[in-house]
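*Asks:* no sequence for this one, just the structure:
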């Protein structure tokens, strides 16, 4: 019985980790202002500034 309990426990942890990664990836793809509004800890204002700078540089001059 020890083997089955160990396999079940590891499968449960693996499934939980998989769901957590999927949720983290989904929230990370949201716009920065939404991440800030929901209080997502990965939100970083300096990252927003860097992203804006890269977008400005990437725009063609007409």
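*Replies:* Great, that's in hand. Since the model is a prediction, treat every value here as computed from it, not as a measurement.

*Asks:* Flag every buried residue along stretch 17-30.
*Replies:* Residues of stretch 17-30 include none that count as buried (16 or more other CB atoms under 10 Å). Quick note: C-beta positions are derived from backbone N, CA and C, even for glycine.

*Asks:* any idea how far residue 23 is from residue 31?
*Replies:* Using CB to CB, to the nearest Å, residue 31 is found at 17 Å from residue 23.

*Asks:* report the longest helix in this structure, please.
*Replies:* Secondary structure of the chain read by DSSP state H shows that its longest helix is helix 2-28.

*Asks:* Against which helices or strands is that helix packed?
*Replies:* Applying 3 or more CB pairs under 8 Å, 6 or more residues apart in numbering; DSSP states H and E, we find helix 2-28 packed against helix 32-38.

*Asks:* mind redoing it with 7 Å?
*Replies:* Packing contacts for helix 2-28, counted by 3 or more CB pairs under 7 Å, 6 or more residues apart in numbering; DSSP states H and E, involve no helix or strand.

*Asks:* Quick one: mean pLDDT for that helix?
*Replies:* Throughout helix 2-28, pLDDT has a mean value of 90.

*Asks:* what about residue 36, neighbour count?
*Replies:* Residue 36: 14 surrounding residues under other CB atoms under 10 Å.

*Asks:* ditto for residue 35
*Replies:* Neighbours around residue 35, by other CB under 10 Å: 19.
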